[in-house]
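Undergrad: What follows is a protein structure lacking sequence information:
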């Protein structure tokens with residue numbers, strides 16, 4: 001019975017793929033959307049990174065949804081691992097090796113600097129808020145592995161996370177007030193390939209970078225707290 005169901009599902013998928021391919025002759029352009037972004041993205045958004053112009057301008061509302069999903073995931077994990085009372089300090093952990101403990105102290109500020117660079121220059125080069133935030137969170141993971149006993153300040157990180165999300169929403173609402181639709185790029189676009197360009201895009205990326213970094217670092221902290229008890 002399972003084999004029959006699997007064959008039926010495989011047949012349905014194959015028919016769907018074949019029908020989709022049959023609608024457009026081989027070699028003919030399937031959509032003009034991508035060509036439009038490449039041709040007009042820099043002029044309309046000021047961002048030389050076309051992926052950034054798509055993520056934060058043409059479908060910026062969708063990106064807000066992605067950030068919300070990450071927030072809900074972090075909130076859900078925190079609720080699952082929540083324990084009443086003060087957080088316990090992890091005891092009895094084996095000290096890290098000299099190389100790892102020295103390396104984490106040396107690399108930690110450099111990783112933070114690199115993560116900040118990634119989301120600040122997201123409108124100019126490959127990268128952005130999500131990538132930069134993940135890099136920043138990896139720095140705190142290194143602290144937990146190499147500098148045993150280190151913890152984040154959850155109140156400060158929660159404040160940063162809230163401020164990042166609030167900045168995103170407020171900028172979107174300002175666009176609604178100024179131009180009539182959410183996340184309108186109402187700031188001057190400036191000159192392409194310059195740091196101060198692309199209007200609201202770099203500001204939103206900075207907000208996303210801090211929000212994602214603080215959320216992922218909080219997730220790491222919750223998991224390390226759970227396994228360290």
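TA: Done, it's in. Note that this is a predicted model, so its numbers are computed, not measured.
Undergrad: name the element residue 209 belongs to?
TA: helix 201-228 (DSSP states H and E).
Undergrad: tell me what that helix is packed against?
TA: Counting contacts by 3 or more Cβ pairs under 8 Å, 6 or more residues apart in numbering; DSSP states H and E, helix 201-228 packs against helix 50-53, helix 60-80, helix 98-120, helix 129-146, helix 154-179. To be clear about C-beta, it is placed using only N, CA and C from the backbone, and glycine gets the same treatment.
Undergrad: List just the one of those helices that sits closest to residue 187.
TA: helix 154-179 (9.0 Å; Cβ to Cβ).
Undergrad: Show me which positions of that closest one end up buried.
TA: Of the residues in helix 154-179, 154, 157, 160, 161, 164, 165, 167, 168, 171, 172, 174, 175 count as buried by neighbour count, 16 or more other Cβ atoms under 10 Å.
Undergrad: With stretch 62-70 instead?
TA: Buried residues in stretch 62-70 (16+ other Cβ under 10 Å): 63, 64, 67, 70.
Undergrad: from those, which is closest to residue 104?
TA: The nearest member of these to residue 104, counting by Cβ to Cβ, is residue 70 at 25.5 Å.
Undergrad: What spatial separation is found between the nearest residue to the closest one once chain neighbours are set aside and residue 161?
TA: Excluding its sequence neighbours, the residue lying closest to residue 70 (Cβ to Cβ, 6 or more residues apart in numbering) is residue 215, at 5.8 Å. Using Cβ to Cβ, to the nearest Å, residue 215 is found at 6 Å from residue 161.
Undergrad: Find residues that contact each of the two.
TA: residue 71 (Cβ atoms under 8 Å, 6 or more residues apart in numbering).
Undergrad: buried residues in the helix or strand of the chain with the lowest mean pLDDT?
TA: Of all helical and strand segments in the chain, the minimum by mean pLDDT, DSSP states H and E falls on helix 2-22, at a mean of 79. Under the neighbour-count criterion of 16+ other Cβ under 10 Å, helix 2-22 has nothing buried.
Undergrad: What helices and strands are in contact with that helix?
TA: By 3+ Cβ pairs under 8 Å, 6+ apart, helix 2-22 packs against no helix or strand.
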